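# What follows is a protein structure lacking sequence information:
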């Protein structure tokens with residue numbers, strides 16, 4: 001299914017505000033900039049339209065309405081969009097939605113909700129992890145807090161993920177955790193990791209969005225302002241690095257060996 005062994009990934013490092021219409025317009029603007037640089041994949045942050053503002057979350061519409069303008073923008077485009085958004089269904093979920101050519105082609109619901117805010121009160125947890133086979137490769141998704149758990153990234157890699165996308169709203173006070181965790185997940189799983197964070201906002205988000213290769217090299221890193229970040233990645237590097245350093249093979253063989 002993959003059309004592009006070389007994938008141009010764009011990270012939409014967005015300034016977050018309490019005005020959901022402003023947030024939507026910023027997100028659309030960043031998608032347009034990704035189109036201008038001919039990106040194959042663009043990733044927006046966690047809850048890019050609403051943020052964690054409770055007043056915004058109370059007015060969330062069903063996905064097709066919530067993302068109407070994004071769907072229309074992508075209708076005749078080849079670009080794959082991953083957008084963090086509040087999903088109103090039977091319950092309210094903190095989700096990441098995959099969009100391609102005007103259609104919603106996949107939904108991931110955050111499983112582990114952050115315990116130090118009201119997130120567990122507002123959202124329901126998802127159930128399970130999925131790798132999405134897309135025209136730009138096999139993509140697994142973790143949302144913000146979930147990057148702290150190596151077991152979750154390993155689940156995605158065992159399911160075949162070549163890219164782990166991480167939409168987030170990570171505060172500046174713990175930004176060094178963010179940087180370290182993203183690199184660790186890439187190194188230990190020999191996989192591309194693309195983490196996109198917000199900037200500014202009431203919680204003083206720390207930016208530092210990053211794309212990291214399977215050896216842990218940072219290909220691009222954002223600052224503390226709204227911007228579009230971009231890097232080309234060669235997905236054949238995933239297998240190349242795993243053959244060069246057969247660490248995952250050792251791991252799988254050891255855990256499958258009876259004690």
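Looks like it came in fine. Just so you know, these numbers come straight off a predicted model, no measurement behind them.

# Quick check: beta-bridge partners of residue 9?
Beta-bridge partners recorded for residue 9 (DSSP bridges): residue 41, residue 231.

# In contact with it: list those residues for me.
39-43, 163, 192, 194, 211, 230-233 (C-beta atoms under 8 Å, 6 or more residues apart in numbering). Placement of C-beta: from N, CA and C, glycine included.

# Can you add neighbour count, pLDDT and distance to residue 83 and give the residues you listed back as JSON lines?
Shown next, in JSON lines, are the contacts of residue 9 (neighbours: other C-beta atoms under 10 Å; pLDDT from 0 to 100; distance: C-beta to C-beta, whole Å):
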{"residue": "39", "neighbour count": "26", "pLDDT": "98", "distance to residue 83": "14"}
{"residue": "40", "neighbour count": "21", "pLDDT": "97", "distance to residue 83": "16"}
{"residue": "41", "neighbour count": "26", "pLDDT": "98", "distance to residue 83": "12"}
{"residue": "42", "neighbour count": "28", "pLDDT": "98", "distance to residue 83": "9"}
{"residue": "43", "neighbour count": "31", "pLDDT": "98", "distance to residue 83": "8"}
{"residue": "163", "neighbour count": "27", "pLDDT": "98", "distance to residue 83": "16"}
{"residue": "192", "neighbour count": "26", "pLDDT": "98", "distance to residue 83": "19"}
{"residue": "194", "neighbour count": "28", "pLDDT": "98", "distance to residue 83": "14"}
{"residue": "211", "neighbour count": "27", "pLDDT": "98", "distance to residue 83": "18"}
{"residue": "230", "neighbour count": "18", "pLDDT": "97", "distance to residue 83": "17"}
{"residue": "231", "neighbour count": "20", "pLDDT": "98", "distance to residue 83": "20"}
{"residue": "232", "neighbour count": "14", "pLDDT": "98", "distance to residue 83": "22"}
{"residue": "233", "neighbour count": "26", "pLDDT": "98", "distance to residue 83": "20"}
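
# Mind putting those into CSV with distance to residue 123?
Output for those, formatted as CSV (distance: C-beta to C-beta, whole Å):
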residue, distance to residue 123
39, 29
40, 30
41, 25
42, 24
43, 20
163, 25
192, 28
194, 23
211, 27
230, 31
231, 31
232, 35
233, 31
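
# What strands line up against the helix or strand where residue 220 lies, and which way round?
Residue 220 belongs to strand 218-221 when assigned by DSSP states H and E. Its sheet considered, strand 218-221 pairs with strand 210-212 (antiparallel) by DSSP bridges.

# How about residues contacting the partner strand?
9, 11, 179, 182-183, 186, 192-195, 218-222, 229, 231, 233.

# make it 10 Å
Identification of contacts with strand 210-212 by C-beta atoms under 10 Å, 6 or more residues apart in numbering yields 9-11, 13, 43, 163-164, 166, 178-179, 182-187, 191-197, 217-222, 229-233.

# ok, now stretch 232-241?
With C-beta under 10 Å, 6+ apart as the criterion, stretch 232-241 contacts 2, 4-9, 39-41, 136-138, 157, 160-163, 187, 189-192, 194, 211-216, 219-220, 244, 247-248.

# Going by neighbour count, list what's buried in it.
Going by neighbour count (16 or more other C-beta atoms under 10 Å), the buried part of stretch 232-241 is 233, 235, 237, 238, 241.

# how about those in CSV, adding distance to residue 25 and secondary structure?
Shown next, in CSV, are those (distance: C-beta to C-beta, whole Å; DSSP: H, G, I helix; E, B strand; the rest coil):
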residue, distance to residue 25, secondary structure
233, 29, strand
235, 32, coil
237, 36, helix
238, 36, helix
241, 39, helix
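
# with those residues in mind, which one is nearest to residue 54?
Distance to residue 54 across the buried residues of stretch 232-241 (C-beta to C-beta) is lowest for residue 233, with 37.1 Å.
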